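In: generate a structure from the sequence data that follows.
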Amino acid sequence: MTINWLNKATFLNKISDDVGFTWKNIDQIFDKIHSEAREVKEALLQQEGSHRIVEEIGDLMFSVVALAYFLKIDSEHAFMYSITKYEKRFEAVLKIFEEKGITLGNNLSTEFLLEVWEEAKARISKCGAAGED
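Out: Numbering: from 1, shown residues only. The predicted model follows:
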C-alpha cells in the first residue's frame, strides 16, 4: 500500500488543529515558510550532507501544506494543477526549441531560457490554458 504523503500531511494538520495546536493567522505560516526556505539555503551553503538538505526541504514542503490547509485548499489538487501547468509549458518550450532548430543539451544562457519560458507561457495563455506565473 502506498501512502499519499500530501494527504497525510493535511491529515496531521487537521489533527493538530483539532487539539488546538494550530496557526493563529496566515502571517505565522508565511514566517514559517520563509524560515524553512532559509534553512534549506543554509544547509546548501554550509555544504551539509544530503540528509540535512532532504530534512529541510521536507520541512519546507510540510509548511506549504499547512498553508494550503489553513486556506482550505486541497494540497493534492493544487500540486496536480501545478504539475499539469508546468508540463504544458515545458511541452511548449520543446516546441519552440524545435521551431528554432535548437537541440537539447546546448549550453543555453539563462536569459535565453527565460525568454523561451515567457514565450511558452504566452502561447499557452492564448489557448486558454493555465499560463499565469
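In: from residue 107, how far out is the residue sitting furthest away from the middle of the chain?
Out: In terms of distance from the mean C-alpha position of the chain, residue 101 ranks first, at 30.3 Å (CA atoms, centre = their mean). The span separating residue 101 from residue 107 equals 16 Å under the rule CB to CB, to the nearest Å. The C-beta positions use only the backbone N, C-alpha and C, and glycine is treated the same way.
In: then residue 83?
Out: The spacing between residue 83 and residue 107, counted by CB to CB, is 27 Å.
In: just residue 123 next, same as before
Out: Going from residue 123 to residue 107 by CB to CB gives 25 Å.
In: between the two, point out the one with more neighbours.
Out: residue 123 (17 against 4; other CB atoms under 10 Å).
In: ok, that one touching residue 93?
Out: No. Using CB atoms under 8 Å, residue 123 is not in contact with residue 93, being 9.7 Å away.
In: shared neighbours, those two?
Out: Residues touching both residue 123 and residue 93 (CB atoms under 8 Å, 6 or more residues apart in numbering): there are none.
In: what are the C-alpha coordinates of stretch 22-36, in PDB please?
Out: Extracted C-alpha coordinates of stretch 22-36, given in PDB (Å, rounded to 0.1, in the frame of the first residue of the first chain):
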ATOM      1  CA  THR A  22      -2.800  25.400  15.300                       C
ATOM      2  CA  TRP A  23      -1.700  28.500  13.300                       C
ATOM      3  CA  LYS A  24      -3.500  31.600  14.600                       C
ATOM      4  CA  ASN A  25      -3.100  33.600  11.400                       C
ATOM      5  CA  ILE A  26      -1.600  33.400   7.900                       C
ATOM      6  CA  ASP A  27       1.400  35.600   8.700                       C
ATOM      7  CA  GLN A  28       2.600  32.900  11.100                       C
ATOM      8  CA  ILE A  29       2.600  30.300   8.300                       C
ATOM      9  CA  PHE A  30       4.400  32.600   5.900                       C
ATOM     10  CA  ASP A  31       7.000  33.300   8.500                       C
ATOM     11  CA  LYS A  32       7.500  29.600   8.900                       C
ATOM     12  CA  ILE A  33       7.700  29.000   5.200                       C
ATOM     13  CA  HIS A  34      10.400  31.800   4.900                       C
ATOM     14  CA  SER A  35      12.200  30.300   7.900                       C
ATOM     15  CA  GLU A  36      12.200  26.800   6.400                       C
END
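In: I am finished for the moment; much appreciated.
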